[in-house]
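Asks: structure, please.
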Amino acid sequence: MSQDQDTPLISIITPAYNHEAFIGSCIESVLRQTYPKWEQIIIDDGSTDNTADVIRKYPDERIRFIHQTNRGFEALAHTYNEALRWAQGEIIAILEGDDSWPPEKLSTLSPHLSEKSVVLAYGAARDCDANGKLNSRLSRSVRRRRDLPAPILFNDPVGSATRYMLRADGLDLIPECTVLIRRSALEVIGGFQYVPGLCTTSFPTFLKLGLVGRFYYTPAVMGYRRRHASSASVRYFDRVMEAAKRRSFEFIDQHEIELTEVERKTVERTWRQANYRRHFIVGRHLLTQRRWKDARRRFERALNPLLPRTFIVAAVGWILAGFHRDLESFLGFLGKARWIAMHPFAPRDTSVDSRRTP
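Replies: Predicted coordinates:
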């Protein structure tokens, strides 16, 4: 049997909406993969810009382009499952149209799915701005993951990661741009999960997969996650957090997850604390829209002396809103991705920077 026959096909699901400025980098990162056997299924959700024209510039037969009437971010699970219907691979990867990969992503993670008990493999993600410039500081989720025990990271015993993901600080345990999923496991749970009101599919899907099999984790960077003010994850952040909290407690009851009293109190406490950070992030977004009064109200709700970091940046945001200034220069100084000049149609910075995504 030839090596090519032994190599599993990986189907890459790429939803895109108004990603004209980013989809080229996304596709090129797939074309640079050292893994030889893949297909990329790009579903354009009725973009109103030139996303489709950019996609058509890549004639590679492994790239399949599907255009659909706009269904919106809330129907993302349905878009993912439509792509899954077209997919032919036994391994499924997720790469949204404004994200990208390092060249070795597929070749690094795919061998670990040869172990039948492993249903998902993932790694670390690096955040970057709209121009591809990487944060000089690692994200909070990356730093937190360094301190997590192996049972959570590897979901061994099965269910360990799920129990952690029920907490607010476990919501971002698995960066979706880094994952590879065993297709048969995905089919066991009924495909990508749709939860009414929850404008994302990754969190409920990973929760359920955590009850099916073990995970594999590497601390190596397996994805570049683009942060910009026009991204859906930013625009819908408020709604996503509320729905994710509701889903966590529903999941505990529906699947009869047995939590100790301490564990349940920890879940409840982390979601209470997450409210303060949520108000800060929404306030930051409002500043980029120059909605100064609305931003100030959000920053006021983010002030909690028991959460010093959030308290400090929220206080700075509140002060700057009074002067009609945004937070981006201050946060850029701290090494975070800036949201200013991050609209898809903003001028691209083409200068050479050693910290840009490949």
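Asks: residue contacts, Ala168?
Replies: Ala244, Lys245, Ser248, Val267, Thr270, Trp271, Gln273, Ala274 (Cβ atoms under 8 Å, 6 or more residues apart in numbering). From N, CA and C alone the C-beta is placed, and that goes for glycine too.
Asks: 6 Å - rerun?
Replies: Neighbour list for Ala168: Thr270, Trp271, Ala274 [criterion: Cβ atoms under 6 Å, 6 or more residues apart in numbering].
Asks: for it, what are phi and psi?
Replies: Here is the backbone geometry of Ala168 (degrees, to the nearest 10): phi -60, psi -40.
Asks: so how far is Val267 from it?
Replies: According to Cβ to Cβ, to the nearest Å, Ala168 stands 8 Å off from Val267.
Asks: again with Leu320
Replies: Taking Cβ to Cβ, one finds Leu320 at 34 Å from Val267.
Asks: more neighbours, those two?
Replies: Counted by other Cβ atoms under 10 Å, Leu320 and Val267 do not tie: Val267 has more neighbours, with 23 against 20.
Asks: and the more buried one, what does it touch?
Replies: Leu166, Arg167.
Asks: next: Pro103.
Replies: Arg32, Gln33, Thr34.
Asks: only whichever of the residues you listed are buried, select them in ChimeraX.
Replies: Only the buried entries of those go into this ChimeraX selection, using 16 or more other Cβ atoms under 10 Å:
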select :33
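Asks: for the helix ranked longest in the chain, buried residues please.
Replies: Ranked by residue count and defined by DSSP state H, the top helix of the chain is helix 261-288. Buried residues in helix 261-288, counted by 16+ other Cβ under 10 Å: 263, 266-267, 270-271, 273-288.
Asks: check stretch 312-332 too.
Replies: So for stretch 312-332, counting by 16+ other Cβ under 10 Å, buried means Val313, Ala314, Gly317, Trp318, Leu320, Ala321, Asp326, Leu327, Glu328, Leu331, Gly332.
Asks: ok, now stretch 296-308?
Replies: Arg296, Arg297, Arg298, Phe299, Arg301, Ala302, Leu303, Asn304, Leu307.
Asks: spatially nearest residue to the third one (excluding sequence neighbours)?
Replies: Closest residue to Arg298 in three dimensions, ignoring its sequence neighbours and counting by Cβ to Cβ, 6 or more residues apart in numbering: Gly283, at 3.3 Å.
Asks: so, low pLDDT: which residues of the stretch 251-358 of the chain?
Replies: Counting by pLDDT under 70, the stretch 251-358 of the chain shows low-confidence ranges at 329-358.
Asks: ok, back up a step: in CSV, list the contacts of Ala168 along with distance to Glu104.
Replies: As requested, the contacts of Ala168 are exported to CSV (distance: Cβ to Cβ, whole Å):
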residue, distance to Glu104
Thr270, 34
Trp271, 36
Ala274, 34
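Asks: wait, which of those is closest to Gln254?
Replies: Trp271 (17.5 Å; Cβ to Cβ).
Asks: for the closest one, give me its contacts.
Replies: Ala168, Lys245.
Asks: and with 10 Å instead?
Replies: Counting by Cβ atoms under 10 Å, 6 or more residues apart in numbering, Trp271 touches Leu166, Arg167, Ala168, Asp169, Leu171, Met241, Ala244, Lys245, Arg246, Ser248, Phe249, Arg278.
Asks: quick check on these: which are buried?
Replies: Going by neighbour count (16+ other Cβ under 10 Å), the contacts of Trp271 have Leu166, Arg167, Ala168, Asp169, Leu171, Met241, Ala244, Lys245, Ser248, Arg278 buried.
Asks: helices of the stretch 101-250 of the chain, start to end?
Replies: In the stretch 101-250 of the chain, the helices defined using DSSP state H, counting those that start in this stretch lie at 105-109, 140-145, 150-153, 160-165, 183-188, 202-209, 232-235, 237-254.
Asks: which one of the ones you listed has the poorest average confidence?
Replies: Ranked by mean pLDDT, these bottom out at helix 232-235, with a mean of 58.
Asks: quick revisit: of the buried residues of stretch 296-308, closest to Thr178?
Replies: Using Cβ to Cβ, the buried residues of stretch 296-308 come closest to Thr178 at Leu307, 27.6 Å.
Asks: surely the closest one meets Ala314?
Replies: Yes. Using Cβ atoms under 10 Å, Leu307 makes contact with Ala314 at a distance of 9.0 Å.
Asks: overlap in contacts, these two.
Replies: Common neighbours of Leu307 and Ala314 (Cβ under 10 Å, 6+ apart) are Tyr276, Arg277, Phe280.
Asks: and the residue lying closest to the second one once chain neighbours are set aside, how far is that from Phe280?
Replies: Taking Cβ to Cβ, 6+ apart, and ignoring the residues beside it in sequence, Arg277 has Thr310 as its nearest neighbour in space, at 5.3 Å. Distance, Thr310 to Phe280, using Cβ to Cβ: 6 Å.
Asks: Leu207 now?
Replies: Leu207 is 25 Å from Phe280, by Cβ to Cβ.
Asks: likewise for Leu198?
Replies: 21 Å.
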